[in-house]
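Visitor: Fold the following.
(one chain, ligands or ions: 1)
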Amino acid sequence: MISAGMLGVDVAIIGSGGAGLAAAIEARKARAQVVLIEQAETLGGASIISTGGCFVVGSPLQESHGIHDTPDDAFEDWVKWGQGAADEEWARYYIEHSLHDFYFWTEGIGVKWVDLVPFEGNRAPRWHLPKDGGLGLTTSLIETAKKLGVREIITSTAVNKIVIQDGRVCGLKAVNVKSGEMTEIQSKTVVVATGGFSGNLDMILEVRPDLKRFKIMEGGGVGATGAGHRLVREIGGYLTHMDRIWFYVYATPDYRDPKGRRGLAVRGIPGYIWINQQGRRFHDESVSGGATGTPVFMAQDPPCVGAVIDAPMTANMFVADPYYQIGDKFLHDKVQELLENSPYIRKANSLADLGRQMGVDLPTFLSTVERYNQACERGLEREPDFGKPLKESKKFDTPPFYAIQFFPLARKSLGGIKTDVRCRVLNKHFQIIAGLYAAGEVAGMAGGHINGAAGLEGTMLGPSIFSGRVAGAWAAQEAGFGTGFTGKPNVRNKV
Ligand SMILES: Cc1cc2nc3c(=O)[nH]c(=O)nc-3n(C[C@H](O)[C@H](O)[C@H](O)COP(=O)(O)OP(=O)(O)OC[C@H]3O[C@@H](n4cnc5c(N)ncnc54)[C@H](O)[C@@H]3O)c2cc1C
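Guide: Numbering: from 1, shown residues only. Model (predicted):
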């Protein structure tokens, strides 16, 4: 290994996703000297490839749709959805600050909020989409951090040690992943913002050995390897709720991945039906979220499903993955490429041939499709077996027919490093490790487990960026700069 030398700063930030960038912005605003270290060649982490939807309460966009939403209502929905396991202090903190300190703050750095989408578990639509999705939002953060003069942004460099002396964090060691050069950074405080671990199948199975009997796919950012969790654990940081992993089941293996571990979330085909190995439907496919579709899917024997579609249904199909989109524009030719080339997708000119290729019980499969077709033909509002609304469905009648093999995909880590509301990392006795902060998905989005057992859609990216702001401001304050994070809560009461 070659040693590239020593750098001295006030605040060192590990990871350049939404949390790390927001931390860098706050620390720079407090006039601290900041270094940002990223193991990938480019900045942005999972944040920049994400859909970008964020949970916000009481926004002008909601008001423009005639929606009157309050933090109290949102808190109730949040805690209920998390099955009582959410960190309620952090949930309340984010919800009340989501308007001024997230929505308006991001607008202040150039983000435009353009759409509002309803999702299960919410009494009102709260999922706000920025222009150009996660790419647009994260690009604004990157540009702002650069403009504010983050002293060094070091890419292709992985931190492999957090240095602690006399009980106080005082820097880190890192290695250039291309040249092997070592870098040592002395800093008064360190912010860990390394993302989750849903890009590391081994770690997923370590915390969830019960899943070893399933085919589980990696589905977080490629940098979401759990490196930050290990660094913090090594110096006594406490990890909590690590077995809470958010799975999507509308996902198929990425046949282009040389390691054969990654999966692709497939969307935009509401008329599809899920067929299990016995040739049967088993669920209302419109209720497909991590807390609703996933448990039913995983209860199938085996937990592998064929999502059946016909030719016209492919028109709006899209894949939430950088190869299949540019910003928020989805590439239809790439979807066609997937349909034609994936060994996990069967294609046939008749339903009977499709059923044979799927290896399911053929008479059961054909009668299942026939029953669904009849419900569509009769113009029913909902099909009779599981109550799926048929508004967006049609008969399966136009070849070619496809069956996309679905398996569970790990998307988000809902647990992680335990912190207090200043994002200070705690040890197993719930005491502060001096100088050490954690924010974003490495901290279960904020605090260790802001969501609990399940997360409402949009409660990952928003809280990651918000907790990044909180961590950056307090890390700078501990280093002698600024007054820490205050913000402005939305105190609108329940009506
Ligand atoms: C495809 C996809 C779509 C999503 N869509 C949504 C959505 O619409 N709404 C939502 O709320 N959430 C969504 N999420 C989840 C959300 O994007 C993440 O929870 C959030 O971006 C996490 O931000 P972060 O800054 O904590 O981590 P990240 O953005 O993952 O950034 C962490 C960075 O740390 C770097 N790093 C890791 N280890 C080291 C190390 N040792 N040294 C140096 N650098 C290191 C990584 O390379 C990475 O760049 C989505 C996730 C994915 C994968």
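
Visitor: residues in contact with whatever residue of the stretch 251-400 of the chain ends up closest to the ligand?
Guide: At 4.9 Å from the ligand, A320 is the closest residue in the stretch 251-400 of the chain, using CB to the nearest ligand atom. (Glycine included, C-beta is placed from N, CA and C.) By CB atoms under 8 Å, 6 or more residues apart in numbering, the contact list for A320 reads T51, L264, A265, R267.

Visitor: now G290
Guide: Residues near G290 by CB under 8 Å, 6+ apart: W246, F247, Y248, R411, A454, G455.

Visitor: Which one of these sits in the busiest neighbourhood?
Guide: Highest neighbour count within these: G455, with 28 neighbours (other CB atoms under 10 Å).

Visitor: quick one, phi psi at the residue of the stretch 201-350 of the chain found nearest the ligand?
Guide: Closest to the ligand within the stretch 201-350 of the chain is G223: 2.3 Å, counting by CB to the nearest ligand atom. In terms of degrees, to the nearest 10, the main-chain angles of G223 are phi -90, psi 0.

Visitor: same deal with S187?
Guide: When read as degrees, to the nearest 10, the backbone of S187 gives phi -150, psi 150.

Visitor: Does it touch L172 like I think?
Guide: Yes - the criterion here is CB atoms under 8 Å, and S187 meets it with L172 at 7.2 Å.

Visitor: Would you mind listing the residues touching both of these two?
Guide: Taking CB under 8 Å, 6+ apart as the contact criterion, the residues that touch both S187 and L172 are A12.

Visitor: Make a ChimeraX selection of the buried ones in the contacts of A320.
Guide: Selection command for ChimeraX covering only the buried members of those, criterion 16 or more other CB atoms under 10 Å:
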select :51,264,265,267
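
Visitor: who's in contact with G110?
Guide: G110 is in contact with S140, E143, T144, counting by CB under 8 Å, 6+ apart.

Visitor: so the second one, which of the three states?
Guide: This means E143. Per DSSP: H, G, I helix; E, B strand; the rest coil, the local secondary structure of E143 is helix.

Visitor: Check the first one too.
Guide: Classification of S140 by three-state DSSP places it in helix.

Visitor: Please list all residues in contact with it.
Guide: With CB under 8 Å, 6+ apart, S140 has these contacts: T106, I109, G110, V111.

Visitor: Generate a ChimeraX selection restricted to the buried entries among those residues.
Guide: This is how ChimeraX selects the buried members of the contacts of S140, with burial counted by 16+ other CB under 10 Å:
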select :106,109,111
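
Visitor: among the contacts of S140, which two are most distant?
Guide: Pairwise distances across the contacts of S140 (CB to CB) peak at 8.2 Å, for the pair T106 and G110.

Visitor: Confirm that T398 sits in a helix.
Guide: No - counting by three-state DSSP, T398 is not found in a helix; it is coil.

Visitor: Let me see the contact set for the residue of the stretch 301-450 of the chain found nearest the ligand.
Guide: When distances are taken as CB to the nearest ligand atom, the stretch 301-450 of the chain reaches nearest to the ligand at G440, 2.3 Å away. G440 makes contacts with 15, 17-20, 193-195, 446, 464-465, 467-468, as judged by CB under 8 Å, 6+ apart.

Visitor: contacts with the ligand among those residues, please.
Guide: Within the set of those, contact with the ligand (CB under 6 Å from any ligand atom) is found for G15, G17, G18, A19, G20, A193, T194, G195, S464.

Visitor: Among the contacts of G290, which lie within helices?
Guide: With helices taken from DSSP state H, there is no overlap with the contacts of G290.

Visitor: Let me have the residues you listed in JSON lines, adding distance to the ligand as columns.
Guide: Formatted as JSON lines, the contacts of G290 follow (distance: CB to the nearest ligand atom, whole Å):
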{"residue": "W246", "distance to the ligand": "9"}
{"residue": "F247", "distance to the ligand": "13"}
{"residue": "Y248", "distance to the ligand": "10"}
{"residue": "R411", "distance to the ligand": "6"}
{"residue": "A454", "distance to the ligand": "13"}
{"residue": "G455", "distance to the ligand": "8"}
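
Visitor: Just the closest of the residues you listed to R208, please.
Guide: F247 (9.9 Å).

Visitor: where exactly do the strands run in the stretch 101-250 of the chain?
Guide: In the stretch 101-250 of the chain, the strands defined using DSSP state E, counting those that start in this stretch lie at 113-117, 127-130, 152-154, 157-165, 168-176, 182-192, 217-218, 239-240, 245-248.

Visitor: now the helices for the protein?
Guide: 18-29, 45-49, 60-64, 71-81, 88-97, 105-108, 133-147, 201-207, 227-234, 293-298, 332-341, 351-358, 362-377, 461-478.

Visitor: ok, and which of those helices has the densest surroundings?
Guide: Highest mean neighbour count among these (mean count of other CB atoms under 10 Å): helix 18-29, with a mean of 31.

Visitor: list the helices and strands that one packs on?
Guide: strand 3-14, strand 34-37, helix 45-49, helix 133-147, strand 182-192, helix 461-478 (3 or more CB pairs under 8 Å, 6 or more residues apart in numbering; DSSP states H and E).

Visitor: centre of the chain versus that helix, how much separation?
Guide: Averaging C-alpha positions (CA atoms, centre = their mean, to the nearest Å) puts helix 18-29 19 Å from its chain's average.

Visitor: ditto for stretch 224-238
Guide: That offset, for stretch 224-238, works out to 19 Å (CA atoms, centre = their mean).

Visitor: CA-only coordinates of that stretch in PDB, if you can.
Guide: What follows is stretch 224-238 as a C-alpha-only set of coordinates in PDB (Å, rounded to 0.1, in the frame of the first residue of the first chain):
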ATOM      1  CA  ALA A 224     -25.100  -0.300   0.200                       C
ATOM      2  CA  THR A 225     -22.800  -3.000   1.500                       C
ATOM      3  CA  GLY A 226     -23.000  -2.400   5.300                       C
ATOM      4  CA  ALA A 227     -19.400  -1.100   5.500                       C
ATOM      5  CA  GLY A 228     -20.400   1.800   7.800                       C
ATOM      6  CA  HIS A 229     -22.300  -0.600  10.100                       C
ATOM      7  CA  ARG A 230     -19.100  -2.600  10.600                       C
ATOM      8  CA  LEU A 231     -16.900   0.400  11.100                       C
ATOM      9  CA  VAL A 232     -19.200   1.700  13.900                       C
ATOM     10  CA  ARG A 233     -19.700  -1.600  15.500                       C
ATOM     11  CA  GLU A 234     -15.900  -2.100  15.700                       C
ATOM     12  CA  ILE A 235     -15.600   1.000  17.900                       C
ATOM     13  CA  GLY A 236     -18.500   0.000  20.100                       C
ATOM     14  CA  GLY A 237     -21.500   1.600  18.400                       C
ATOM     15  CA  TYR A 238     -24.900  -0.100  18.900                       C
END
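
Visitor: about what we covered before: closest one of the contacts of G110 to V232?
Guide: After measuring those against V232 - CB to CB - the closest member comes out as T144, at 26.7 Å.
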